[in-house]
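Student: Pasting the sequence and the predicted model now:
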Amino acid sequence: MNLQDKKPQEEVEARLTINMDTIKELWSKTYNREGKPDWSHIFKYYHKEIVFQDTIQRIEGIDDFIAMCNRLTKRTKQLQLEIISISQNENVIMFDWVMTMMFKKYPNTPIYGATKLVLSEDGLIKEQRDYYDLWGDIFNNIPRFGRMYRRFLIRKFG
């Protein structure tokens, strides 16, 4: 380990141990408030080489991860997240959620998904994979188009 890998002692001491309870606590402070989401209090729980992946993108590194969170904050008027269930097996935490995005010009859009977090040996989040059907949940709010999309999926993949 070189000197750049060491974190200041105060930062390490100020962190909670990541587990199911801290995930619920930290994520509720991020999303379940009025106004825009705020991730600033959870960035210190992410490993500097975080790998984040979802339906849209793959992000590597804490700087790009923070930039992605800031872009989402800028685009949304408000964002709420409800954790439905959560489980942990050693260094892997899984939870399913309903995220409701409120955009400036479009109707509220609930998106149903799940997140897998993998913790590093030092207890930081080193991998995050979000699973969700972005288009299906968005198309459900467009009259007639949502039904056509579901029929297409059933015909091709059902």
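Tutor: Received the coordinates, thanks. Every value quoted in this text rests on a predicted model; they were computed, and no experiment measured them.
Student: residues touching residue 34, list them.
Tutor: Contacts for residue 34 (CB atoms under 8 Å, 6 or more residues apart in numbering) come out as residue 78. Yep, even glycine has a C-beta here, placed from its N, CA and C like the rest.
Student: what's the pLDDT at it?
Tutor: With respect to pLDDT, residue 34 scores 72.
Student: mind checking how far it is from residue 23?
Tutor: 22 Å (CB to CB, to the nearest Å).
Student: And the pLDDT at residue 28?
Tutor: pLDDT, read off for residue 28, is 85.
Student: tell me the SS of the residue positioned nearest the centre of the chain?
Tutor: Residue closest to the average C-alpha location in the chain (CA atoms, centre = their mean): residue 130, at 6.2 Å. The three-state assignment at residue 130 reads strand, by DSSP: H, G, I helix; E, B strand; the rest coil.
Student: so it makes contact with residue 115?
Tutor: Yes. With contact defined as CB atoms under 8 Å, residue 130 reaches residue 115; the gap is 5.1 Å.
Student: Please, where are all the helices along the chain?
Tutor: All helices of the chain, identified by DSSP state H, fall at 9-14, 20-31, 62-75, 134-139, 145-157.
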